[in-house]
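[1] After the sequence you'll find the predicted model.
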Amino acid sequence: MCRNIKTLHHFEPPATEEEVRASALQYVRKLTGLKSFSKANREACEHAVEHITGITLQLFDQIEVHGPPRSREAERQKAIERGKKREQQLRARVLRELA
């Protein structure tokens, strides 16, 4: 999965349509391998982004939720901790390789 695509469902406050669209755009870019859309491909790609955005918002409305909404701050802290852990693992691997 593309690192730029983040979990957007079940947050307080809810994800905006713009956030969902940005993730849809990253998804289409990842699938097509296109960083930007040429004139020849722009219409098809933008149609896909709009379609994926709409379907995603519809999906969010239909998903059953059984817990409290996620906190953006708590999720941000978890991401920071995962990053620190990854960095420690990388440093340990580099040190082993140098030894």
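    On my side now, so go ahead.

[2] what domains does the record give for this protein?
    According to automatic domain parsing, the chain comprises the domains 1-67, 69-99.

[3] Please give the element, helix or strand, for the nearest residue to residue 21 once chain neighbours are set aside.
    Excluding the flanking residues, the one nearest residue 21 by C-beta to C-beta, 6 or more residues apart in numbering is residue 53, at 4.6 Å. From N, CA and C alone the C-beta is placed, and that goes for glycine too. Using DSSP states H and E, residue 53 falls within helix 39-62.

[4] can you give me the strands for the protein?
    For the chain, the strands defined by DSSP state E occupy 11-12, 70-71.

[5] looking at these, which is buried most?
    strand 70-71 (a mean of 14; mean count of other C-beta atoms under 10 Å).

[6] model confidence over that strand, on average?
    Strand 70-71 shows a mean pLDDT of 91.

[7] Who does residue 70 form a beta bridge with?
    Counting by DSSP bridges, residue 70 is bridged to residue 11.

[8] wait, it sits on residue 13?
    No. Taking C-beta atoms under 8 Å as the definition, residue 70 is not a contact partner of residue 13, at 10.8 Å.

[9] Flag the shaky bits of the chain, pLDDT-wise.
    1-4 (pLDDT under 70).

[10] do that again at 80, thanks
    In the predicted model of the chain, residues 1-5 satisfy pLDDT under 80.

[11] ok now the longest helix along it, how far from the chain's centre?
    Ordering each helix of the chain by length in residues (DSSP state H) puts helix 72-98 first. In terms of C-alpha atoms, centre = their mean, to the nearest Å, the gap separating the centre of helix 72-98 from the centre of its chain is 19 Å.

[12] Perfect, that will be all.
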